[in-house]
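Colleague: below are the sequence and a predicted model; questions follow.
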Amino acid sequence: MKRLLGSLLLLVLGGAAYHIGMARFGSGSPPPMAPVEQQADLVEVSKAHRTLTLVRGGMPIATFPVALGAAADAGPKRQEGDERTPEGQYRIDWRNARSSYHLSLHISYPDASDLSEARQRGVPPGGNVMVHGLPNGWSWFGSVHHLVDWTDGCIAVTNAEMREIWARVPDGTPIRIDP
């Protein structure tokens, strides 16, 4: 029994060390931006359908399955730590090539309305909501990751999908997150 527990502990510690080590390496080199005519002018997220769609000129140009916050079905994000994904109109306002997840695009949550609501309730609104790939070093999960909502409120896609989204979504692009 002691040998089994020791092996299990070693496996857990090894997995934790692997995750921490891979997070430090970042996402690698991001792809170059796509030509302007291939870039989205809107990102639409449907929480009900678990999809993220890139739109240009009112027409969808790519759709991806997503994983959301673990409590995404409980409604819009209302406070820090609620594991909900926001709902509403925001913008992609900056990007992080050195994220601990494979690349990430920041969503401008919380906006003034979110801040006001949280202030009235006396709670922190949360923040740092992103569209991102899988945790660095865990790309082997591939597309099965979207079978369960696992983020703290972010929108997650595979690493290959994140590279395409990164290249096709410039900073300033509106993002609409529907229930």
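Modeller: Noted; the coordinates are in hand.
Colleague: partners of the lengthiest strand in the chain in the sheet?
Modeller: Selection of the longest strand in the chain by residue count, based on DSSP state E, yields strand 88-96. Paired strands of strand 88-96, with direction, are strand 104-107 (antiparallel), strand 174-178 (antiparallel) (DSSP bridges).
Colleague: would you map the strands across this structure?
Modeller: With DSSP E as the criterion, the chain has strands at 42-46, 51-56, 59-65, 88-96, 104-107, 130-132, 155-156, 174-178.
Colleague: just give the strands next to the second one in its sheet, each with its orientation.
Modeller: What that stands for is strand 51-56. Applying DSSP bridges, strand 51-56 is found paired with strand 42-46 (antiparallel), strand 59-65 (antiparallel).
Colleague: residues contacting the longest one, please?
Modeller: By that I understand strand 59-65. Outside strand 59-65, the residues that touch it by CB atoms under 8 Å, 6 or more residues apart in numbering are 38, 40, 50-55, 143, 146, 157-158, 161, 164-165, 168. (C-beta placed from N, C-alpha, C; glycine too.)
Colleague: just the buried members of those?
Modeller: Buried subset of the contacts of strand 59-65 (neighbour count, 16 or more other CB atoms under 10 Å): 40, 50-55, 146, 157-158, 161, 164-165, 168.
Colleague: about what we covered before: among the strands of the chain, which is the most enclosed?
Modeller: Neighbour counts (mean count of other CB atoms under 10 Å) averaged over each of the strands of the chain peak at strand 155-156, with a mean of 27.
Colleague: need the contact list for the residue nearest to Ala70 when sequence neighbours are not counted.
Modeller: Of all residues not flanking Ala70 in the chain, Glu83 sits nearest, at 4.3 Å (CB to CB, 6 or more residues apart in numbering). Going by CB under 8 Å, 6+ apart, Glu83 touches Gly69, Ala70, Ala71, Ala72, Thr151, Asp152, Gly153.
Colleague: and Cys154, how far from Pro86?
Modeller: From Cys154 across to Pro86, the span is 10 Å (CB to CB, to the nearest Å).
Colleague: quick one: contacts for Pro124?
Modeller: Pro124 makes contact with Gln79, Glu80, Ala118 under the criterion CB under 8 Å, 6+ apart.
Colleague: before I go, just wanted to say thanks for your time.
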